[in-house]
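1. Next one to model:
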Amino acid sequence: MRTLPFSILALCVVACSDDSTSPAAAITYPLKAVDAAPTTWGTLSGVTIAGGYGSALAMDPTDPAVFWIITDRGPNTSTSVANRLLFPLPNFTPVLAKFRLSGDSLRRISTIEMKNAAGVNISGRPNPAGVGATGESGIDGSGATIPTDPDGLDSEGLAVESNGSFWVSDEYGPHIVHFDASGRTLERINPFGNGTGGRRIPAVLALRRPNRGMEGLAITPDGRTLVGAMQSPLDNPTTAIGRASNAYRIITFDIASGATKTFVYVADAVGNIVSEITAISATSFLVIERDGLFQGGSPAAVSKRVYRIDLANATDVGDAANASTGKLFGGKVLEALTPAERASNAITPVSKSLVYDLLTLPGGYPHDKLEGVTLIGKDLLVVSNDDDFGVNDGGASNFVSKILPATQLRDRVVLYFIRLSTPLR
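-> Sure thing, here's the model as predicted:
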C-alpha cells in the first residue's frame, strides 16, 4: 500500500507487544490501516458477529503509533416493533481497545472492559425509567425480552487522559462516565443528577432523540474541560419540532467545578448527524457531520465532512434555571427557532469551516458511519468508521452481514490518514 510522505520519531514508552514498533523507530503513516484480525464475538442465524470497534477514536497520549478505539453498546438491529431492538449478545460489555499501527494494519494489543463503580462489568442494554431510559427495549436471539441495565451504556464519544483514565459519552441518558485505567467507573454524570458523584449536565439533554444522544466527546488540551456534542437536535418539546430543526447542542463541562455552558452548532441539512468532536485548542475543535448513507448506495451519500468549529465568539444559550426544556427565547425553545429568530435573539452559533470532505477521498469512502476523528501534529487528519460488528438490518430476518455497496465487501474498521493542505495548529 502506498504511504504518506510523513513520519515521526516514536518512543515506545508503553508496554509493547511482539508486533510493536521498536524504540526510536520512525513511524510512517499509511493512507489507510485496516483491523488485521477483527474480534469474533459470536454468530446468529449463521451470520458472524465480528469487529465492532470504531465508534470513537483517540491517539494514545504517550505513543503516536497507538490508537484507542471503542465499541458501542454491542451488535443490535431493529425489529418490526418501533424502539424494540434485537440484541444477539445481550450481555455484551462495551470495550475500549488499544491498537498499534503496524504498516497498513491495526493490531489489537490490549482491551479494557467497562465496569460500574463496584467493579462489575456493565452491559450495553437500555436503561430503566428514571436513570436514562429512551423508550427502547430489547429482545435476544430467541425473541425473549431482555432486562434493562441501570449501568447500561451505549458508548459513543471518547476522551483519554494522560494518566490512563478515560471519559465516555453515550446515547442513553445521555451519560458521561469517567473510568479509571482499569475500566472501573469513577463518576457517572447525567441530566438527572443521580449518577455517581451527583453532578449533572443540563436537564434538557434528557430530551435527546432515542439512539441520538451525546455522540461526541472531547477534552481540551489543558485537561480542564469536557466538550460534548449531541448527535441530533433534541425532541424539544416535541418530536415534530426537534426533527425539523438544524440547531444542535454542544456543551462544555468544567471538570473541577461542574459548571456547564451550551452552544449552538448549525448543521448543513436537517437530519444530518454530528458523530464526533475532538479538540485542537481550548476553543477550537474538529467535528464530524454526516448522513447515514453509503457512497455507491441508493440513495447515495452526500455528506461525510469534517469541520473546524470555534466556540470563542459563540453565545452561551445555557439555562441558569436548568428547566426541563432549557432556556426560552421569546417564549420558544431553542429547537423551535428559525434562523432569523436565532439572529433576532442575538444567538451566535459556533463558527464553522470545512476541513475535509470524505466523499472526495481518492479511492472513495465506502462506509456509512464516519464516527471517529483525531489530529496528528498540525496537519494529519485521522478518521475511523463504525462497522456495526459487520451486521445490518435485514428486513424479515432482522440480521444480515453488513456489505458495502461500493465494494461488495463486508464492512470492517479502517483508519484513514489524510494530509491536509492547510495546517490546523
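2. isn't A181 right up against E161?
-> No - with contact defined as C-beta atoms under 8 Å, A181 does not reach E161; the gap is 9.2 Å. Quick note: C-beta positions are derived from backbone N, CA and C, even for glycine.
3. okay, these two: which has more neighbours?
-> The neighbour comparison of A181 against E161 (other C-beta atoms under 10 Å) goes to E161, with 15 against 12.
4. Spatially nearest residue to the more buried one, not counting backbone neighbours?
-> In space, and not counting its chain neighbours, E161 is closest to G223: 6.3 Å by C-beta to C-beta, 6 or more residues apart in numbering.
5. Name all residues that make contact with the one you found.
-> E161, S162, I255 (C-beta atoms under 8 Å, 6 or more residues apart in numbering).
6. Now it: which helix or strand?
-> Using DSSP states H and E, G223 sits within no helix or strand.
7. Can you pull out the low-pLDDT segments for the protein?
-> Scanning the chain with the threshold set as pLDDT under 70 gives 1-25, 395-396.
8. what's the single longest helix in it?
-> What stands out as the longest helix in the chain, according to DSSP state H, is helix 339-344.
9. In the helix or strand that that helix is followed by, which residues are buried?
-> Per DSSP H and E, helix 339-344 leads on to strand 351-357 as the next helix or strand towards the C-terminus. Buried residues in strand 351-357, counting neighbours by 16 or more other C-beta atoms under 10 Å, are found at V355, Y356.
10. Strand 351-357 - which strands sit beside it in the sheet, and in what orientation?
-> Partners of strand 351-357 in the sheet, by DSSP bridges, are strand 304-310 (antiparallel).
11. partners of the helix or strand just after the partner strand, with directions?
-> Sequence order places strand 328-329 as the next helix or strand after strand 304-310, per DSSP H and E. In the sheet, strand 328-329 lines up against strand 332-333 (antiparallel) (DSSP bridges).
12. Pull the residues that contact the strand it pairs with.
-> By C-beta under 8 Å, 6+ apart, the residues outside strand 332-333 that reach it are N236, P237, I241, T325, G326, E341.
13. re earlier: mind giving me the packing neighbours of the longest helix of the chain?
-> If you count contacts as 3 or more C-beta pairs under 8 Å, 6 or more residues apart in numbering; DSSP states H and E, helix 339-344 packs onto no helix or strand.
14. starting at the chain centroid, how far to the helix or strand that contains L57?
-> Using DSSP H and E, L57 maps to strand 53-60. Here strand 53-60 shows a centroid-to-chain-centroid distance of 9 Å under the convention C-alpha atoms, centre = their mean, to the nearest Å.
15. after that strand, next one along is what?
-> strand 63-71.
16. Direction included, what does that next one pair up with?
-> Partners of strand 63-71 in its sheet, by DSSP bridges: strand 53-60 (antiparallel), strand 95-102 (antiparallel).
17. which residues are in contact with the first one?
-> If I follow you right, that is strand 53-60. By C-beta under 8 Å, 6+ apart, strand 53-60 touches 14, 35, 39, 66-72, 95, 97-99, 155-160, 166, 168, 216-217, 276, 278, 369, 371-374, 376, 382-387, 413, 415.
18. could you list every residue that touches N211?
-> N211 neighbours (C-beta under 8 Å, 6+ apart): T134, E136, D154, E171.
19. where's the closest residue to the first one other than its chain neighbours relative to E187, distance?
-> With sequence-adjacent residues excluded and distances taken as C-beta to C-beta, 6+ apart, T134 is closest to P210, at 4.1 Å. With the distance defined as C-beta to C-beta, to the nearest Å, P210 ends up 25 Å from E187.
20. same deal with A321?
-> 24 Å.
21. more neighbours, these two?
-> Per other C-beta under 10 Å, whichever of A321 and E187 has more neighbours is E187, with 16 against 9.
22. For the residue located most distally from the centre of the chain, which non-adjacent residue is closest in space?
-> Ranked by distance from the centre of the chain (C-alpha atoms, centre = their mean), the top residue is G330, with 33.3 Å. Using C-beta to C-beta, 6+ apart and skipping the chain neighbours, the partner closest in space to G330 is N345 (6.5 Å).
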